[in-house]
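Enquirer: Sequence and computational prediction follow.
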Amino acid sequence: MRRFLLFGVCTLAVAGVACDEKLSDITGPTPNLSTSFSSIQQTIFSASDPSGRLACVGCHTDQGRTPPVNLVLTEGRSYQQLVGRASTGKPGATLVIPGDPDNSYLVKKLERAPDIVGERMPRNNGPFLTEGQMRVIRRWISDGAANN
């Protein structure tokens with residue numbers, strides 16, 4: 001019974017940081033990643049990481065090119081491009097729905113949900129975001145997807 005209660009407490013810690021686990025312990029190649037949008041921008045969208053994952057802005061920029069699905073993830077523009085915005089790749093889908101990571105199309109594309117259109121992101125077979133990195137993005141969306 002005691003083990004079950006401990007498991008329940010750990011499971012309820014949606015942030016993925018519980019039971020003496022530090023955030024930096026679960027984010028893998030991005031130990032400075034936190035659940036703020038500015039951290040996600042700097043650490044995921046704008047930067048490559050030691051795993052070999054390329055920065056999202058390598059493709060999702062409009063500087064000298066038309067970005068895939070017209071999605072620009074450069075600093076200063078990405079928030080407005082994501083939160084509450086309809087997907088141009090999948091009609092009826094919304095990229096980021098504040099409070100609802102499971103139905104946010106961004107999460108589905110990053111995790112390769114079965115109902116996505118096109119490829120999982122990032123393209124070319126990864127490396128993909130780690131489970132810990134995805135937990136941080138999911139938590140940011142669950143917490144309301146603030147522009148912080």
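Expert: Sure thing, it's come through.
Enquirer: So, low pLDDT: which residues of this protein?
Expert: Applying pLDDT under 70 to the chain picks out residues 1-25.
Enquirer: Flag every buried residue along stretch 81-99.
Expert: The neighbour-count criterion (16 or more other C-beta atoms under 10 Å) identifies 81-83, 87, 89-90, 93-98 as the buried residues of stretch 81-99. From N, CA and C alone the C-beta is placed, and that goes for glycine too.
Enquirer: Would you mind writing the CA trace of that stretch as CSV?
Expert: Provided in CSV are the C-alpha atoms of stretch 81-99 (Å, rounded to 0.1, in the frame of the first residue of the first chain):
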residue,chain,number,x,y,z
GLN,A,81,3.2,31.5,-34.7
LEU,A,82,2.4,28.7,-32.2
VAL,A,83,-0.1,29.5,-29.5
GLY,A,84,-3.7,29.4,-30.6
ARG,A,85,-2.7,29.2,-34.3
ALA,A,86,-4.3,26.8,-36.7
SER,A,87,-2.0,24.3,-38.4
THR,A,88,-1.6,24.8,-42.1
GLY,A,89,-0.4,21.2,-42.5
LYS,A,90,-3.5,19.6,-40.9
PRO,A,91,-6.8,21.3,-41.3
GLY,A,92,-8.7,21.6,-38.0
ALA,A,93,-5.6,21.2,-35.8
THR,A,94,-4.3,23.9,-33.5
LEU,A,95,-0.5,24.0,-32.9
VAL,A,96,-0.6,24.9,-29.2
ILE,A,97,-3.8,24.8,-27.2
PRO,A,98,-3.0,26.4,-23.8
GLY,A,99,-3.8,23.9,-21.1
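Enquirer: Need the contact partners of that stretch.
Expert: By C-beta atoms under 8 Å, 6 or more residues apart in numbering, the residues outside stretch 81-99 that reach it are 69-73, 103-106, 108, 116-118, 141-145, 147.
Enquirer: Repeat the analysis, applying 10 Å as the threshold.
Expert: Residues from elsewhere that reach stretch 81-99, judged by C-beta atoms under 10 Å, 6 or more residues apart in numbering: 37, 40, 45, 60, 67-74, 79, 100, 103-109, 115-118, 137, 140-147.
Enquirer: Restricted to strands, list the buried residues of stretch 81-99.
Expert: Within the buried residues of stretch 81-99, no residue falls in strands by DSSP state E.
Enquirer: I'd like these written out as TSV, with distance to Pro29 added.
Expert: Shown next, in TSV, are these (distance: C-beta to C-beta, whole Å):
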residue	distance to Pro29
Gln81	24
Leu82	22
Val83	25
Ser87	27
Gly89	27
Lys90	29
Ala93	28
Thr94	29
Leu95	24
Val96	23
Ile97	27
Pro98	27
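Enquirer: Having no further points to raise, I will conclude here.
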